[in-house]
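Undergrad: got a predicted model here, sequence first, then my questions.
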Amino acid sequence: MGFKIFSVTIFVVTIIAASSRIGIIVDASSTSNTDPHHRRQTSDHGGSLLQQALIDLGGHYFHHGKNEVQGRDATLIAKGTSYLTYFKLAICSAVLYLEPWASNDAVMHSHIISQAQNRYNKTSSIALEISYHKPVRASDFRWATSHFTQKNGHTSPSIQDLIHNFNELYKDVKRGDRYLVEFDPESNGGVSLSLNGILLGSVGKGSPHEKELANAIYSIWFGDQPFFERLKSDLLTPINNYDGIVASASGNSNL
C-alpha cells in the first residue's frame with residue numbers, strides 16, 4: 001500500500017493519492033516559480049542563453065529554453081515550474097515549456113483545440129518535462145493516464161484507442177530519470193514521449209484526432225480534474241522574474 005501511494009503519487013509527478021483508487025487524501029506541498037532556492041549565474045560557455053541558463057528545482061536542473069520540439073527547429077522557453085514534495089520528501093520537479101508568445105494557459109483545452117483563443121490564431125508547441133526524485137513503475141503511469149483522461153471526459157472510442165497506444169510507451173523510471181511529453185501542431189507529429197532524451201515513440205501522428213489526443217494527455221496535469229491541483233497551479237503561474245530562476249549547474253548529473 002505504501003509503495004503504491006508513492007508510485008501513483010508521482011505520475012509525471014505522479015498520482016498523489018486523492019483518487020478513489022488509493023482511497024485516502026494526502027497533503028503535499030510544492031515549490032512554485034518564486035522558490036528562493038532559484039539563483040542566477042552567467043555562463044562562461046558558448047551558445048545561447050536559453051541553452052546555458054539552468055533552473056534549479058530541488059537539485060534537479062532544467063534548461064531555461066529549448067531549441068527544438070519533436071525534431072523541428074523551434075524556440076520554446078520555460079513558462080512555469082513546480083517542485084513537488086510529499087510529507088517533505090521530494091517527489092518530482094517539472095517545467096512547462098511553450099513558445100515565447102504563448103501564455104501558460106496554452107495547455108488548456110480551449111487553446112489546444114481552438115486557434116482562435118489567442119491573438120496569434122495558432123496553437124503553441126508544448127513540452128512538459130518531469131524529473132523524478134523517486135522510482136515509478138510503468139504500470140502506475142498507465143493507470144494514471146487512463147484514470148485522469150477519463151475523469152476529464154476523454155472517453156470516445158477513437159481517443160481511448162490512441163491513449164491505449166500511448167500507454168504502451170511507458171517504462172519504469174528510477175530516481176533522476178525524466179520524461180518529456182511533447183506536442184508540435186506544425187509538424188503533425190502527434191504526442192511524443194521521451195525518456196532521458198531518448199524518444200520512446202509518438203502517437204496520433206497524422207491522425208485527425210491529434211489535437212484531441214494532446215488535449216487528453218495534457219489534461220492529466222491541466223484538466224478540470226488534474227491529478228494534483230497545486231502542481232497545475234504552479235505550472236500555470238507565469239515566471240515573471242527570470243533573474244531569480246536561473247542557476248549554474250555545470251556537470252550536474254540530474255540534467
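TA: Good, I have the coordinates. Numbers count the residues shown, from 1 in each chain.

Undergrad: shaky segments in this protein?
TA: 1-52, 110, 113-121, 241-255 (pLDDT under 70).

Undergrad: please redo it, this time with the cut-off set to 50
TA: Residue ranges of the chain with pLDDT under 50: 1-6, 8-47, 49, 116, 243-253.

Undergrad: any chance you could map the helices in it?
TA: For the chain, applying DSSP state H gives helices covering 2-10, 49-52, 109-113, 138-151, 157-167, 210-222, 229-236.

Undergrad: for the fourth one, buried residues please.
TA: Think helix 138-151. Residues of helix 138-151 classed as buried: 140-151 (neighbour count, 16 or more other Cβ atoms under 10 Å). Placement of C-beta: from N, CA and C, glycine included.

Undergrad: got those residues as a markdown table, with distance to residue 240 columns?
TA: Shown next, in a markdown table, are the buried residues of helix 138-151 (distance: Cβ to Cβ, whole Å):
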| residue | distance to residue 240 |
| --- | --- |
| 140 | 34 |
| 141 | 32 |
| 142 | 36 |
| 143 | 36 |
| 144 | 31 |
| 145 | 32 |
| 146 | 36 |
| 147 | 34 |
| 148 | 29 |
| 149 | 31 |
| 150 | 35 |
| 151 | 31 |
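
Undergrad: longest strand in this protein, by residue count?
TA: Identified as the longest strand of the chain according to DSSP state E is strand 72-86.

Undergrad: so that strand versus helix 229-236, what angle?
TA: 150 degrees (axes from the mean of the first three to the mean of the last three Cα atoms, to 10 degrees).

Undergrad: and residue 211, how far is that from residue 185?
TA: 7 Å (Cβ to Cβ, to the nearest Å).

Undergrad: what residues are shared contacts of these two?
TA: residue 123 (Cβ atoms under 8 Å, 6 or more residues apart in numbering).

Undergrad: for residue 134, phi and psi?
TA: Main-chain dihedrals, residue 134, degrees, to the nearest 10: phi -140, psi 150.

Undergrad: now for it, how many residues are close by?
TA: Neighbourhood size, residue 134 [other Cβ atoms under 10 Å]: 17.

Undergrad: that one reaches residue 175, doesn't it?
TA: Yes. The criterion here is Cβ atoms under 8 Å, and residue 134 meets it with residue 175 at 6.3 Å.

Undergrad: beta partners for the nearest residue to residue 126 once chain neighbours are set aside?
TA: Take residue 126 and drop its neighbours on the chain: the residue closest to it by Cβ to Cβ, 6 or more residues apart in numbering is residue 183, 4.6 Å away. Partner residues in beta bridges with residue 183, using DSSP bridges, are residue 126, residue 191.

Undergrad: show me the contacts for residue 183.
TA: 70, 112, 125-127, 190-192, 214, 217-218.

Undergrad: nearest to residue 238 among those?
TA: residue 126 (15.2 Å; Cβ to Cβ).

Undergrad: contacts only, for that closest one.
TA: By Cβ under 8 Å, 6+ apart, the neighbours of residue 126 are 96-98, 106-107, 112, 181-184, 214, 218.

Undergrad: circling back to that earlier point, out of the helices of the chain, which is the most enclosed?
TA: helix 210-222 (a mean of 24; mean count of other Cβ atoms under 10 Å).

Undergrad: helices or strands next to that one in the packing?
TA: Based on contacts counted as 3 or more Cβ pairs under 8 Å, 6 or more residues apart in numbering; DSSP states H and E, the elements that helix 210-222 packs against are helix 109-113, strand 126-132, helix 138-151, helix 157-167, strand 178-183, strand 191-195, helix 229-236.

Undergrad: I'd say residue 112 and residue 215 touch.
TA: Yes. The pair residue 112 / residue 215 is scored as a contact, 4.7 Å apart, by Cβ under 8 Å.

Undergrad: these two touch, right, residue 53 and residue 61?
TA: No. Look at residue 53 against residue 61 with Cβ under 8 Å: they stay out of range, at 10.1 Å.

Undergrad: those two: who's more crowded?
TA: residue 53 (22 against 19).
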